[in-house]
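Asker: okay, structure incoming, though there's no sequence with it:
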Ligand code: FES
Ligand SMILES: [Fe+2]
């Protein structure tokens, strides 16, 4: 049996990819286990957390099916606002998520957008993935929110952090009555 | 309405302030509303700035039905039913854009942006004798109005002109949609429309924005975390004294009366915005004097258009999509002349306040959702809703429009006025009767 040795470059790439996968899966666990304060620590202080809206456009105008960054969006938050969202849930009187919902984040199709093999301190890189966010609350209320994410990750004190998150939900009319969850 | 036990006026008891749950949960009543309310009343369609150029279009809704708001090549604005005259296909399936014609994807009938049918497949051979194409254009609303850039339409050719329909609420509309400094420089939309589905009857939403000031506890969580743009306690900055103004046309406005002092401290989180606001306030004081601090906070124009005129500034249409479901369409607006940094700060504040991800609005939708749900049961329907706050208190006011109840008296008069008018529409067949129903000192029965 012959074995193909992996090049050092390939190994470095796989190692980084695996680190990114671990990071996203850890993040999903924190959110679904409601460890919001620990989740906030995974975001840089200057994070841009943006979920644009989607539109029905022609193939010719396909580049316009996502609202622009200076347009109205579903979310367009800085860190301070994300902290407020967490604090709101923690008041215990945020009726939209009280009693608490059951939420699962499935993160798949994870890729490094650039052909990077390492990420040094302070450097950033772009990753792509798909998400399925499932929410069930009270008895029968259920939402499936599916789409893509483009994340800019940064190396901060040796760890990965989210510096920018673009969330591209595959719905034009939002079929969930509200968005109390994070993506 | 047809069956006697569902006669609307029997379901809306103005003297007692009690309203039957049937009107929120009964599918037969909902079907009647489509005809009695949404085919007759003036409905908000969109904003002039969404169709600035010839050929621009924006797809909107009137009740459950899709309509196209467009500007033809002569510059005239139209509202058409978005359904092909041939065999019903939705003619325009993009949310917005610019086009020289609407071409149906089913059998290729083609309409100009003024609605006339210009292209019919195999017209010369297939139709002997030829039919008159001018009779088969897109169905157009018989009446349309452009009021301060807002476009309205009604399917009823006998409906009164829009300004008569607004009645005295015109003043509130003027106050709410002028630039903040009171000038005619005007306001502009901040861009795209948020559209989302909420499992509740549309009237929960309309009555809420007509001035339900008792529902503050819904928003306790955002008050606690200081969502307001000053970072002080509360989800908004201080807006002075509250006053509810109800109108016989069914509209309801919640006014705030801010004291006439020079210094304003709002928007402390954003120095540029704070400075802009102070600058506008000084100009507003010069221009409006005593009246400078008199401004609507929220309001509903009957039946389903609501607005916030201060923090945030936004327009909402509650399009019914079923007895127990509504599609909310929200757009936001700012002063045209505000600096870019101010527009950006306001845009972000608006989005964290309103809409499905808005920290304030999320809790409203939860309450409307489960109030609808918990009112549907056979036993639940036997008990009316309670709208008795401030019963018999409201009266006309020398300086403010409509019938007024002032703090410290809490009042549900505006929802009462809304439902009284709702019952008029449901029961009365002609606009003459509708006119009479609102003219006879209506507040004595309704407030
Ligand atoms: S339905 Fe439109 S052309 Fe036939
Ligand atoms: Fe509210």
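Answerer: Cool, got the structure. As the structure is a computational prediction, the values presented were derived from the model and not from experiment. Ligands and ions are numbered 1, 2, ... in the order given.

Asker: which residues touch the residue lying closest to residue A:101 once chain neighbours are set aside?
Answerer: Sequence neighbours aside, residue A:137 is the residue nearest to residue A:101 in space, at 3.9 Å (criterion: CB to CB, 6 or more residues apart in numbering or on different chains). C-beta: built from backbone N, CA, C; applies to glycine. Each residue near residue A:137 by CB atoms under 8 Å, 6 or more residues apart in numbering or on different chains is listed here: A:97, A:99, A:100, A:101, A:102.

Asker: how about the residues of the stretch 1-150 of chain B by ligand 1?
Answerer: B:84, B:86, B:87, B:88, B:89, B:104, B:106, B:107, B:108, B:109 (CB under 6 Å from any ligand atom).

Asker: swap the cut-off to 5 Å and go again
Answerer: B:84, B:86, B:87, B:89, B:104, B:106, B:107, B:109 (CB under 5 Å from any ligand atom).

Asker: returning to what we had before: now, which of the contacts of residue A:137 sits nearest ligand 1?
Answerer: Nearest to ligand 1 among the contacts of residue A:137, counting by CB to the nearest ligand atom, is residue A:101 at 43.2 Å.

Asker: now do the strands in chain A.
Answerer: A:43-51, A:75-77, A:102-112, A:124-137, A:141-156, A:159-169 (DSSP state E).

Asker: okay if I get those strands as a markdown table plus mean pLDDT?
Answerer: Listed next are those as a markdown table, based on pLDDT from 0 to 100:
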| stretch | mean pLDDT |
| --- | --- |
| strand A:43-51 | 98 |
| strand A:75-77 | 98 |
| strand A:102-112 | 98 |
| strand A:124-137 | 98 |
| strand A:141-156 | 98 |
| strand A:159-169 | 98 |
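
Asker: could I get those strands as a markdown table with distance to residue B:97?
Answerer: Compiled in a markdown table, the strands of chain A are given as follows (distance: least, CB to CB, whole Å):
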| stretch | distance to residue B:97 |
| --- | --- |
| strand A:43-51 | 23 |
| strand A:75-77 | 24 |
| strand A:102-112 | 31 |
| strand A:124-137 | 29 |
| strand A:141-156 | 23 |
| strand A:159-169 | 21 |
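
Asker: residue A:152 contacts residue A:124, correct?
Answerer: Yes - using CB atoms under 8 Å, residue A:152 is in contact with residue A:124, at 5.2 Å.

Asker: between those two, which contacts overlap?
Answerer: Listed contacts common to residue A:152 and residue A:124 are residue A:163; contacts here mean CB under 8 Å, 6+ apart.

Asker: distance to ligand 1 and neighbour count for the contacts of residue A:137 - can I get that in CSV?
Answerer: Converted to CSV, these look like this (distance: CB to the nearest ligand atom, whole Å; neighbours: other CB atoms under 10 Å in any protein chain shown):
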residue, distance to ligand 1, neighbour count
A:97, 45, 21
A:99, 48, 8
A:100, 49, 12
A:101, 43, 19
A:102, 45, 11
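
Asker: pick the one among the residues you listed closest to residue B:300.
Answerer: Looking at the contacts of residue A:137 and their distance to residue B:300, the nearest is residue A:97, at 27.2 Å (CB to CB).

Asker: give me the pLDDT for that closest one.
Answerer: According to the prediction, residue A:97 has pLDDT 97.

Asker: which helix is the longest one in the chain?
Answerer: Here I'm looking at chain A. Using DSSP state H to define each element, chain A has its longest helix at helix A:8-32.

Asker: switch to chain B, please.
Answerer: helix B:271-288.

Asker: quick check: buried residues in it?
Answerer: Neighbour-count burial for helix B:271-288 flags B:273, B:274, B:276, B:277, B:280, B:281, B:284, B:285, B:288 (criterion: 16 or more other CB atoms under 10 Å in any protein chain shown).

Asker: can you give me every residue that contacts residue A:129?
Answerer: A:24, A:107, A:108, A:109, A:110, A:111, A:148, A:149, A:151.

Asker: residue A:130 versus the last one, what's the distance?
Answerer: Look at residue A:151 and residue A:130: by CB to CB, to the nearest Å, they are 12 Å apart.

Asker: neighbour count winner among those two?
Answerer: Counting neighbours by other CB atoms under 10 Å in any protein chain shown for residue A:151 and for residue A:130 shows that residue A:151 has the greater number, 24 against 16.

Asker: who does that one bridge with?
Answerer: According to DSSP bridges, the residues that bridge with residue A:151 are residue A:127, residue A:165.

Asker: check the gap between it and chain B for me.
Answerer: 19 Å (CB to the nearest CB, to the nearest Å).

Asker: close to chain B: what parts of chain A are there?
Answerer: A:51, A:53, A:55-58, A:61, A:67-68, A:70-78, A:81, A:84-85, A:87-88, A:91, A:93-97, A:138, A:172-180 (CB under 8 Å from any CB of the partner chain).

Asker: okay, the residue sitting furthest away from the middle of chain B: pLDDT?
Answerer: The C-alpha centroid of chain B is most remote from residue B:125, which lies 48.1 Å away (CA atoms, centre = their mean). If you check residue B:125, the pLDDT there is 95.

Asker: related to what we said a few turns ago, deepest of the strands of chain A, which one?
Answerer: strand A:75-77 (a mean of 23; mean count of other CB atoms under 10 Å in any protein chain shown).

Asker: what's the closest non-adjacent residue to residue A:181?
Answerer: With CB to CB, 6+ apart, the residue lying closest to residue A:181 is residue A:103, at 5.4 Å.

Asker: picking up where we left off before, which residues sit against the helix or strand following the longest helix of chain B?
Answerer: Following helix B:271-288 in sequence order, the next helix or strand is strand B:294-301 (DSSP states H and E). Residues outside strand B:294-301 that contact it (CB under 8 Å, 6+ apart): B:42, B:44, B:166, B:169, B:172-173, B:175-176, B:206-207, B:209-211, B:239, B:242, B:251-258, B:288, B:306-310, B:399-400, B:414, B:418.

Asker: and residue 120, what is it in contact with?
Answerer: Using chain A here. Applying CB under 8 Å, 6+ apart, the residues near residue A:120 are residue A:155.

Asker: that's the wrong chain, I wanted chain B
Answerer: B:86, B:109, B:110, B:127, B:133.

Asker: phi and psi next, for it.
Answerer: Main-chain dihedrals, residue B:120, degrees, to the nearest 10: phi -130, psi 130.

Asker: measure how buried residue 39 is and give me the count.
Answerer: If you meant another chain, say so; for now it's chain A. 20.

Asker: not what I meant, chain B
Answerer: For residue B:39, using other CB under 10 Å, the count is 15.

Asker: am I right that it is in contact with residue B:157?
Answerer: No - counting by CB under 8 Å, residue B:39 stays clear of residue B:157, with 11.2 Å between them.

Asker: the residue nearest to residue B:12 when sequence neighbours are not counted and residue B:389, how far apart?
Answerer: Nearest residue to residue B:12, sequence neighbours excluded (CB to CB, 6+ apart): residue B:423, at 4.3 Å. Here the criterion is CB to CB. By it, residue B:423 lies 19 Å from residue B:389.

Asker: of the two, who's got more company?
Answerer: residue B:423 (22 against 19).

Asker: may I ask which helix or strand encompasses the more buried one?
Answerer: Residue B:423 belongs to helix B:413-427, assigned by DSSP H and E.

Asker: how far out from the middle of the chain is that helix?
Answerer: 16 Å (CA atoms, centre = their mean, to the nearest Å).

Asker: what is the rounded mean pLDDT of it?
Answerer: 95.

Asker: what's the helix or strand following it packed up against?
Answerer: Sequence order places helix B:431-439 as the next helix or strand after helix B:413-427, per DSSP H and E. Secondary-structure packing of helix B:431-439 (3 or more CB pairs under 8 Å, 6 or more residues apart in numbering or on different chains; DSSP states H and E): helix B:413-427.

Asker: buried ones in the helix it packs on?
Answerer: B:413-427.

Asker: good, we can wrap up now.
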